[in-house]
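Participant: Sequence first, predicted coordinates after that:
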Amino acid sequence: MVVYVLRRLVQSFFVLLAVSLVVFVAVYAVGDPIELLVSAEATEADRQQMIARLGLDLPLWQQYAGFAVRALHGDLGTSFVHGIPAIELIVQRIPATFELVLVAIGLTCLLGISLGLVAGLYHDRALGRSLMGGSVLGFSLPNFWQGMMLILLFAVWLHWLPAAGRGETVEVFGIPFSLFTRDGWAHVLLPAVNLALANIALVLRLTATGVMEAKTQEYVRFARAKGVSERRILTRHILRNILIPVVTVIGLEFGQLLAFSTITETVFAWPGMGKLLIDSIYKLDRPVIVAYVMLVTFIFVMVNLLVDLLYAVLDPRVQLQEASA
């Protein structure tokens, strides 16, 4: 187990190195941030001074080498626009995005697995067919249009929930959280639902398919023949055996939502990492963009590692061999 984890961590380092190189070169090739940072009235001397101060006068390979050396010491650069370390700027936005994703994943687990069990158990009835058919909408509706419809219905027409912002926050250990206030919950519900709908549909269909397949297995028939209660068969034999693919999807979606909640955060003006990324792209704030992608890659790598380790807990048949990973 220890050797496996160490091997994965070494692999993760090289993945981060490759991603940093690709992103750094790609961001360098898109636009010139000096055009946005220097006013039109500035002199050529002021312009050249700004270029030198930001290190943009160096060749690309020297810029990347300097970035890589600083990154090894935890410095991912300083924002061109805000003048503070890029990682500090991103960390300030993490609590808002984490709260949004946490509520979205909670809704995904609660509704996706529950409705999937119902759809799988009653797949030959109208209820099961309706759930499976309705889940198609979760994949079909564009995320931005879906968000605007939620705002139109619940904020504009019904006046039940606010349309934008994070709401009232409470500081815990110096970190602002909105989930500890009623106003915060009112603000997080609409963007969380918008973020969760596609994943609810995915988990619903995955769970239902697993239940339909598991119901026909010999171990379920044998347990039923022994007189085991249907509730125990469902929780002990069916649900536990279908959780591995479900946990895989939920784990990957958690990392994906943390990284790519940009559309939802933009539509609902949610002050998280995704909105920061969009603003940084508009302003060509290269250090923030590179730092964001590096952080997102690290999150994906760690989530994948945790999912692999969780396999062994859910299914004793899954072993993490030290000889082959």
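Facilitator: Ah, there it is.
Participant: can you give me the helices for the stretch 51-200 of the chain?
Facilitator: Taking DSSP state H, counting those that start in this stretch as the criterion, the stretch 51-200 of the chain contains helices spanning 60-72, 86-107, 114-121, 126-140, 143-150, 182-214.
Participant: what's the helix or strand for the nearest residue to residue 98 once chain neighbours are set aside?
Facilitator: Nearest in space to residue 98, with sequence neighbours left out and distances taken as C-beta to C-beta, 6 or more residues apart in numbering, is residue 258 at 7.2 Å. Every residue, glycine included, has its C-beta placed from N, CA and C. Assigned by DSSP states H and E, residue 258 falls within helix 240-259.
Participant: quick one: buried residues of that helix?
Facilitator: Residues of helix 240-259 classed as buried: 241-244, 246-251, 253-259 (neighbour count, 16 or more other C-beta atoms under 10 Å).
Participant: can you check stretch 271-291 too?
Facilitator: 271-277, 280-281, 283-291.
Participant: Just those: which are in strands?
Facilitator: Among the buried residues of stretch 271-291, DSSP state E puts none in strands.
Participant: surely the residue nearest to residue 98 meets residue 99?
Facilitator: No: using C-beta atoms under 8 Å, residue 258 makes no contact with residue 99, being 11.1 Å away.
Participant: And the residue lying closest to residue 155 once chain neighbours are set aside, how far from residue 184?
Facilitator: Nearest non-adjacent residue to residue 155, counting by C-beta to C-beta, 6+ apart: residue 163, 3.8 Å away. Distance from residue 163 to residue 184, counting by C-beta to C-beta, to the nearest Å: 15 Å.
Participant: How about residues contacting stretch 12-23?
Facilitator: Here stretch 12-23 makes contact (C-beta atoms under 8 Å, 6 or more residues apart in numbering) with 64, 67-68, 71, 289-290, 293-294, 297-298, 301-302, 305.
Participant: Return the members of these classed as buried.
Facilitator: 64, 67, 71, 289-290, 293-294, 297, 301, 305.
Participant: picking that back up, residue 159: which of the helices of the stretch 51-200 of the chain is closest?
Facilitator: helix 182-214 (11.5 Å; C-beta to C-beta).
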